[in-house]
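Visitor: Structure for the following, please:
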Amino acid sequence: MDWRPLSAFADNELCTSERAATLVWLTTDPEAAARVDDYRAQKAALTALFREPRDEARCIVVCRLAPWWRRAGLAASCMAMGVALGSSFAWMPAKFAADPPVFAERADLAFAVYAPEQHHPVEVAALQRDQLVSWLSRRLDRRLSVASLREYGYSLIGGRLLPGESGPAAQFMYQNTSGARLTMYVEAVPKDAAAFRLFRDGDRSTFYWGSQGTGCALTGQLSEAQLRPMAIDACSTLGQSFKRR
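Guide: Residues are numbered from 1 along each chain as shown. Have a look, this model is predicted:
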């Protein structure tokens, strides 16, 4: 089996026709899809170790001034995460015995409340993206940027401020051409909250993770296989996002 197209797909090196053919392959071959996850996880870990971020529009980014030893520790954690994610093609089970953290449950609940809303799904629309990001950054006391999920067919429609467990939280909402929605939830969490896990409630799936006191959760009415690559992309960028405010 020639796996090279999967590596090229993970690195965005395929032309349009080749990418379309590979997407069809991934939807019908779980082993191929798992390999792509493996390649992306390894690439993310290496990127976190050796490259400073240049594109702040790739994901929800938490930007705080941190000493070199803390950034090095975070990079090492990202490498460990990449190895763990790539160590098995099965990756992780769809459900966990441990209870999810409160911020993951709040993210799921916020999706359930606002994603079905047709008239006022967001407080600030994507047309005012800069104002939205600036406002939420001030309220959460950390610089944020907006995830780009266009690769997966989702565009930002806006965001809102929400109450978190111990302070403000932010929700960014995305929608595809068929009207399906995703949300990215951001909230302050304990600094030791660094797990990358899946939480499911009914037909809703939430991948959540934490880094340097910030918890993020991506929620949608999608399967684990559909939501997983989006969450991996977002989580990997989080590991390289620390810079001066």
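
Visitor: drop to CA atoms for contacts and neighbour counts, all remaining ones
Guide: Fine.

Visitor: is it true that residue 173 lies in a strand?
Guide: Yes. Under DSSP: H, G, I helix; E, B strand; the rest coil, residue 173 falls within a strand.

Visitor: With adjacent residues omitted, what lies nearest to it?
Guide: residue 183 (4.4 Å; C-alpha to C-alpha, 6 or more residues apart in numbering).

Visitor: mind listing what the one you found touches?
Guide: 111, 115, 171, 172, 173, 174, 217, 218, 219, 220 (C-alpha atoms under 8 Å, 6 or more residues apart in numbering).

Visitor: sec struct for it, please.
Guide: strand.

Visitor: I'd like the contacts of residue 183 written out as CSV, with pLDDT added.
Guide: Shown next, in CSV, are the contacts of residue 183 (pLDDT from 0 to 100):
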residue, pLDDT
111, 95
115, 95
171, 95
172, 95
173, 95
174, 95
217, 93
218, 94
219, 96
220, 96
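
Visitor: Can you say which of those are buried?
Guide: Buried members of those, counted by 16 or more other C-alpha atoms under 10 Å: 111, 115, 171, 172, 173, 174, 217, 218, 219, 220.

Visitor: so what's the third one up against?
Guide: Contacts were defined as C-alpha under 8 Å, 6+ apart; by that measure residue 171 touches 159, 160, 161, 162, 183, 184, 185, 186.

Visitor: do you know how far it is from residue 159?
Guide: Using C-alpha to C-alpha, to the nearest Å, residue 171 is found at 5 Å from residue 159.

Visitor: same check, this time on the fourth one
Guide: Computed as C-alpha to C-alpha, the residue 172 to residue 159 distance reads 4 Å.

Visitor: go on, the second one?
Guide: Counting by C-alpha to C-alpha, the separation of residue 115 from residue 159 is 11 Å.

Visitor: The fifth one now?
Guide: Look at residue 173 and residue 159: by C-alpha to C-alpha, they are 6 Å apart.

Visitor: Overlap in contacts, residue 115 and residue 159.
Guide: residue 173.

Visitor: Just to check, residue 35 is in contact with residue 6?
Guide: Yes. Using C-alpha atoms under 8 Å, residue 35 makes contact with residue 6 at a distance of 7.3 Å.

Visitor: okay, now residue 203: neighbour count?
Guide: 9 (other C-alpha atoms under 10 Å).

Visitor: How about the contacts made by it?
Guide: 221, 222.

Visitor: again, 6 Å this time
Guide: residue 221 (C-alpha atoms under 6 Å, 6 or more residues apart in numbering).

Visitor: Could you measure from it over to residue 224?
Guide: From residue 203 to residue 224 the distance is 11 Å (C-alpha to C-alpha).

Visitor: With residue 19 instead?
Guide: 21 Å.

Visitor: These two - which one has more neighbours?
Guide: Per other C-alpha under 10 Å, whichever of residue 19 and residue 224 has more neighbours is residue 224, with 20 against 17.

Visitor: give me phi/psi at the more buried one?
Guide: Backbone torsions of residue 224, given as degrees, to the nearest 10, read phi -60, psi -40.

Visitor: State the distance from it to residue 23.
Guide: Residue 224 is 16 Å from residue 23, by C-alpha to C-alpha.

Visitor: do the same with residue 34
Guide: For residue 34, the distance to residue 23 equals 13 Å [C-alpha to C-alpha].

Visitor: Looking at these two, which is more packed in?
Guide: residue 34 (20 against 15).

Visitor: Quick one: classify the more buried one as helix, strand or coil.
Guide: helix.
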